[in-house]
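Novice: Quick one, what's the 3D model for this:
(one chain, ligands or ions: 2)
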Amino acid sequence: MTKTSPIDGQKPGTSGLRKKTKEFMSENYLSNFVQSVFDAVIDGGTDVSKGVLMIGGDGRYFNDKAIQIIIKMGVANGVKKFWIGQDGLLSTPAVSATVRERSGSDGEKSFGAFILTASHNPGGPDEDFGIKYNTQNGGPAPEYLMQATFANTKSIKSYKICPDFPEIDIAKIGSTTVVSEDGISSVTAEVIPSAENHVALLKTIFDFDAIKALLNRDDFTMIYDSMHGVNGPYSKAVFVDELGQPESVLMNHIPKDDFGGGHADPNLTYAKELVAIMGLDRKGGKIDVAGSIPSFGAAADGDGDRNMILGTQFFVTPSDSLAVLVANANSIPFFSSRGGLKAVARSMPTSGAVDLVAKDLNLDFFETPTGWKFFGNLMDSACVFKGKDYTPFICGEESFGTGSDHVREKDGIWAVLAWLNILAANNPDASKPLVTVEDIVKKHWSKYGRNYYCRWDFEGVDKAKATAMMDKMRSDTASNTGRTVGSYTIATADDFKYTDPVDGSVAQKQGIRFLMSDGSRIIFRLSGTAGSGATVRMYIEQYESEKLDQTVSSALEELTKIALDLCDIKTFCGTETPTVIT
Ligand code: VG1
Ligand code: CO
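Specialist: Ligands and ions are numbered 1, 2, ... in the order given. All right, here's what the predicted structure looks like:
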């Protein structure tokens, strides 16, 4: 037992707790939080002495040290067996896959996992660190568990740690067993290959032979940017070891503890090296490139759960990507072999492109708050909650996250393989001209219409001022409803509230929405992943059934002006210039 006292601000956000690395490294900070999780998990009825605790992270600065601390605390809290990703690396989707798929030599399974990541936030001693906890279904800890954890952080008096438990050599695959002095009990820490279970699972989902044939066409080239995050080893295992591609298809695939000084966030602004190779600028406009441009480009974020998809000089918005994947899902064996896709979900700010496909294909459809934890219940509806079965299931967010019920997290490399599988299915004959990413998306628009969409982020604004801005819009919802603004009428202004159809839990205050009478939308949220300060997110969407070839900025020009007026961010936060547009 080590004495401690509560530390302010340990409230988990959209996806775990994220703070400056230095704050995490300060005395008791990590230990307080980890003990609070252990107490919540044990109080919730989990016997941590049975089964396995998994630990891994995205390789950012402090990853390796944090792992050793958590092992020592785990031992003191009664954990008897650990699985640790080699070199401390486990991507977020790989954790989910490994929790679900891996069995130990005695048939033991994992009851939960600590994932050390601040995802797309920059890493390094002066940047961000983060930690999240996933439960035995492989998904993020549900809301009640995080609330219990937060409550524990406010009353903690001591934490448990075995300082004498040996440091584990996380570079080497293998297991270390330590027997207690009386010889009665033992603890085993096993270092496991980071990609093994995840890659094995992906191979059961997709038609790897068809993807291989596509990749081997003379007129098809690809490039995959791992942005120096954890995805590197996974992209190598899949594209080089399994699909036989040269290592030159991989970019920035060696994990670095500061992501090479970059922002491992796959969007047009931060993945600028890849975006330039694909012949685009940060607004998605075409630029001249010397030499040939690959047919397919993709990028991943720090912890490997996000994806960006690009064709030759063509950017696929995440919302369109989700809609195209849903429309073409049944060309992927995972869906077709189980009777076809059954249900889809998107987070509230994600565009309505997928709604149109769901309606057309008669699929069950859900609109959830931001964050992956809300999708998990829908996927587990039958197998855990004994309700209606919504699987096979696809879901996604506008923030470059897509996935299915093969795991309980978003999965970057899954989305890349899904696109390649769909491209392969659209190109059965290698002697015919290549049907490109752009062809597939344009054909989709001509069938369903186009949801012009963008998100503006105002990062690093003052938290109190941003909160005041949100409060003002919240209190004005009634008076804004019915108002005419420019050529639009606000049919409804509200604050999004979600009642989980599976467990009945209610999530309030999930974003201010202005729903226009023509179906256009303006949405505001405060980010729940900012490591410090506040980030305001402004989402704009306009549907067009016929005008399919406009630029996004001109299609959304009037709505964007209206949005800036409605929130009055200039007065509240002193700026109306976003730091990032996606
Ligand atoms: C952001 C995204 C959200 C995503 C979350 C975690 O949250 O908007 O869609 O689920 O990050 O993604 P927020 O609260 O900042 O808007 V990851 O890849 O950072 O774990
Ligand atoms: Co991420």
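
Novice: contacting residues for residue 6?
Specialist: Residue 6 is in contact with 32, 153-156, counting by C-beta atoms under 8 Å, 6 or more residues apart in numbering. Where C-beta positions appear, they are placed from N, C-alpha and C, glycine not excepted.

Novice: Correction: the previous question concerned residue 490.
Specialist: 480-484, 514-517.

Novice: go with 7 Å
Specialist: For residue 490, the contact set (C-beta atoms under 7 Å, 6 or more residues apart in numbering) comprises 480-483, 514, 516.

Novice: and what of residue 513?
Specialist: Counted by C-beta under 7 Å, 6+ apart, residue 513 has contacts 493-494, 496, 521, 523.

Novice: Including neighbour count, pLDDT and distance to ligand 1, could those residues go into CSV?
Specialist: Converted to CSV, the contacts of residue 513 look like this (neighbours: other C-beta atoms under 10 Å; pLDDT from 0 to 100; distance: C-beta to the nearest ligand atom, whole Å):
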residue, neighbour count, pLDDT, distance to ligand 1
493, 21, 93, 20
494, 15, 93, 19
496, 20, 96, 13
521, 22, 95, 16
523, 22, 96, 11
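
Novice: and which of those is nearest to residue 131?
Specialist: residue 496 (27.4 Å; C-beta to C-beta).

Novice: gap between the residue lying closest to the closest one once chain neighbours are set aside and ligand 1?
Specialist: Spatial nearest neighbour of residue 496, chain neighbours left out: residue 510 (4.1 Å); criterion: C-beta to C-beta, 6 or more residues apart in numbering. Remark: distance between residue 510 and ligand 1 (C-beta to the nearest ligand atom, to the nearest Å) = 10 Å.

Novice: Same check on residue 363?
Specialist: Residue 363 sits 21 Å away from ligand 1, going by C-beta to the nearest ligand atom.

Novice: correct me, but that residue touches residue 344?
Specialist: Yes - assessed by C-beta atoms under 7 Å, residue 363 is found in contact with residue 344 at 5.4 Å.

Novice: Could you export the contacts of residue 490 as JSON lines, including secondary structure?
Specialist: Rendered in JSON lines, the data for the contacts of residue 490 read as follows (DSSP: H, G, I helix; E, B strand; the rest coil):
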{"residue": "480", "secondary structure": "helix"}
{"residue": "481", "secondary structure": "coil"}
{"residue": "482", "secondary structure": "coil"}
{"residue": "483", "secondary structure": "coil"}
{"residue": "514", "secondary structure": "strand"}
{"residue": "516", "secondary structure": "strand"}
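
Novice: Of these, which is the most crowded?
Specialist: Neighbour counts for those, by other C-beta atoms under 10 Å, peak at residue 514, which reaches 27 neighbours.

Novice: Next up, the contacts around the residue nearest to residue 496.
Specialist: Taking C-beta under 7 Å, 6+ apart, we find residue 510 in contact with 348, 369-370, 496-498.

Novice: how about a cut-off of 10 Å?
Specialist: Residue 510 sits next to 347-349, 368-371, 374, 495-498, 523, 525 when contact means C-beta atoms under 10 Å, 6 or more residues apart in numbering.

Novice: likewise residue 291?
Specialist: Contacts were defined as C-beta under 10 Å, 6+ apart; by that measure residue 291 touches residue 277.

Novice: if we can go back for a sec, can you put the contacts of residue 6 in a markdown table and add pLDDT?
Specialist: Formatted as a markdown table, these follow (pLDDT from 0 to 100):
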| residue | pLDDT |
| --- | --- |
| 32 | 97 |
| 153 | 96 |
| 154 | 96 |
| 155 | 96 |
| 156 | 96 |
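
Novice: So which of the residues you listed are in helices?
Specialist: Mapping these onto helices (DSSP state H) picks out 32, 153-155.

Novice: Near ligand 2, which residues of the protein are found?
Specialist: Residues of the chain found near ligand 2 (C-beta under 5 Å from the ion) are 119, 301, 303, 305-306.

Novice: Of these, just say which sits nearest to ligand 2.
Specialist: Checking those against ligand 2 with C-beta to the ion, the nearest one is residue 119 at 3.2 Å.

Novice: Could you verify my assumption that that closest one touches residue 530?
Specialist: No - the criterion here is C-beta atoms under 10 Å, and residue 119 misses it with residue 530 at 11.6 Å.

Novice: Look at residue 455 and tell me its secondary structure.
Specialist: strand.

Novice: quick revisit: what do residue 119 and residue 530 both touch?
Specialist: In contact with both residue 119 and residue 530: 14, 18, 128, using C-beta under 10 Å, 6+ apart.

Novice: In strands, which of the residues you listed appear?
Specialist: Within the shared contacts of residue 119 and residue 530, residues falling in strands by DSSP state E are 18, 128.

Novice: Could you dump the shared contacts of residue 119 and residue 530 into a markdown table with distance to residue 539, neighbour count and pLDDT added?
Specialist: Below are those laid out as a markdown table (distance: C-beta to C-beta, whole Å; neighbours: other C-beta atoms under 10 Å; pLDDT from 0 to 100):
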| residue | distance to residue 539 | neighbour count | pLDDT |
| --- | --- | --- | --- |
| 14 | 15 | 19 | 76 |
| 18 | 21 | 24 | 93 |
| 128 | 23 | 25 | 93 |
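
Novice: For the residue of the chain most remote from its centre, give its distance to residue 435.
Specialist: Among the C-alpha atoms of the chain, the one most distant from their mean position (C-alpha atoms, centre = their mean) is that of residue 182, at 45.3 Å. Residue 182 sits 68 Å away from residue 435, taking C-beta to C-beta, to the nearest Å as the criterion.

Novice: next one: residue 486
Specialist: Residue 486 sits 40 Å away from residue 435, going by C-beta to C-beta.

Novice: higher neighbour count, those two?
Specialist: Higher neighbour count among residue 486 and residue 435: residue 435, with 15 against 10, using other C-beta under 10 Å.

Novice: Nothing else from me, thank you.
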